[in-house]
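K.L.:
return atomic coordinates for the entry below.
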Amino acid sequence: MKNVKAIIALFGGVASFRHVRLESKGFMPLVVETIGPGPRGLPMVSVAHYYTQNGDAMRDPEMTFEVSPDGTFSPVSYTQDNMGLYQEAVFTDDAGRVMVRPRLVKDLTAFARQWDRNLKDQGFVDAARAEAQRRAATG
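P.N.:
Coordinates of the predicted model:
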């Protein structure tokens with residue numbers, strides 16, 4: 001998720017980042033936000049396209065990632081509301097043990113790689129640069 005990482009870096013990096021909503025003409029808005037610790041206790045980031053249906057925010061899709069100290073994004077979950085789909089690749093069981101579904105991690109990693117490239121091609125990194133400059137100018 002090098003492009004998502006670049007977006008977060010424009011706003012100070014994972015340690016200080018909270019939330020950004022980005023728009024790029026012709027595409028659903030993209031929201032990137034920190035959402036607390038993940039199953040392994042690492043910072044967790046949500047990346048999602050949203051649209052509204054009957055007044056409800058719908059994720060199309062949303063992926064959550066734990067971010068390791070070296071900046072590696074590891075997939076945790078995938079949600080697609082319009083399909084009623086929620087998949088957890090990494091979670092804690094009732095005993096507090098971290099459980100991993102390796103095949104799902106592999107599939108989500110492949111999807112995330114392609115999605116990350118698409119986000120750049122769709123103009124979201126440029127939109128983030130513009131938003132970061134706007135925020136810096138308005139202090």
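
K.L.:
show me where this structure has strands.
P.N.:
Remark: strands assigned in the chain by DSSP state E are 19-22, 30-37, 43-53, 56-67, 73-80, 85-88, 90-92, 98-100.

K.L.:
among the ones you listed, which is the most enclosed?
P.N.:
Sort the strands of the chain by mean neighbour count, taking mean count of other Cβ atoms under 10 Å, and strand 73-80 sits at the top with a mean of 21. Quick note: C-beta positions are derived from backbone N, CA and C, even for glycine.

K.L.:
for Ala130, see how far away the residue nearest to the spatial centre of the chain is.
P.N.:
Geometric centre of the chain, nearest residue: Val47, 2.0 Å, by Cα atoms, centre = their mean. Look at Val47 and Ala130: by Cβ to Cβ, to the nearest Å, they are 19 Å apart.

K.L.:
which strand residues bridge Thr64?
P.N.:
Going by DSSP bridges, Thr64 is paired in beta bridges with Ser46, Ser77.

K.L.:
ok, it to Thr138 distance?
P.N.:
Taken as Cβ to Cβ, the span from Thr64 to Thr138 is 30 Å.

K.L.:
didn't the residue nearest to the centre of the chain look like it was pressed against Val32?
P.N.:
Yes. Under the criterion of Cβ atoms under 8 Å, Val47 makes contact with Val32 at 5.3 Å.

K.L.:
what's the overlap in contacts for these two?
P.N.:
Common contact partners of Val47 and Val32 (Cβ atoms under 8 Å, 6 or more residues apart in numbering): Val4.

K.L.:
which ones are touching Leu108?
P.N.:
For Leu108, the contacting residues are Met63, Pro75, Tyr78, Gln87, Ala89, by Cβ under 8 Å, 6+ apart.

K.L.:
correction: the previous question concerned Glu33.
P.N.:
Glu33 is in contact with Arg18, His19, Val20, Val45, Ser46, counting by Cβ under 8 Å, 6+ apart.
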